[in-house]
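K.L.:
Got a sequence here, can you model it:
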Amino acid sequence: MNVNVVVLAGRLTRDPELKRLPSGSSVCEVGLAVNRTWSPKDGGQKKEDTCFVDLVFWGATAETVAKHFKKGKEILVEGRLEFQQWEAQGAKRSKLRVVAQSFQFVGRDDVSGKKWEPAEQHQDGPAPVCGGTTDADIPF
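P.N.:
Numbering: from 1, shown residues only. Reported below is the predicted structural model:
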């Protein structure tokens, strides 16, 4: 059995970048910082680590993220990992990113100072996967 599910909560590291593809689809790319805090077993001072993750949103979800989010805003994202490879200046490059399939507003609304509605969740249809297929094209 194979499972490719990622759930992350963190803050955006930059303002969302919304683009329109020639097909008319919307795509939004943004960075996410996820912090982790732990105490060493020897009882020493607490330590903190930050992981930076590239996120991509598609369709109506991409437009919603671009409209309502900006750098520093908290978000909860569910999606899947996607591995990309390319060649640039004669060197092979690669990166791992998260293709977001749904998200929830968390934290506070910057305008009103009130908490986002906890039931406010956004989900799009299947996002394109590598090779131009969609989840619907996969037989399992």
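
K.L.:
and the residue positioned nearest the centre of the chain, what does it touch?
P.N.:
Central residue of the chain (C-alpha atoms, centre = their mean): L55, 3.3 Å from the mean position. Residues counted as contacts of L55 (C-beta atoms under 8 Å, 6 or more residues apart in numbering) are 29-32, 77, 79, 97-98, 100. (Glycine included, C-beta is placed from N, CA and C.)

K.L.:
With distance to K19 added, can I get those in CSV?
P.N.:
Shown next, in CSV, are the contacts of L55 (distance: C-beta to C-beta, whole Å):
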residue, distance to K19
E29, 8
V30, 12
G31, 15
L32, 18
V77, 19
G79, 18
R97, 15
V98, 18
A100, 15
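
K.L.:
Buried subset of those, written for PyMOL?
P.N.:
Buried subset of the contacts of L55, written as a PyMOL selection, criterion 16 or more other C-beta atoms under 10 Å:
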select buried, resi 29+30+31+32+77+79+97+98+100
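
K.L.:
Which members of the contacts of L55 are the farthest-apart pair?
P.N.:
G31 and G79 (14.2 Å; C-beta to C-beta).
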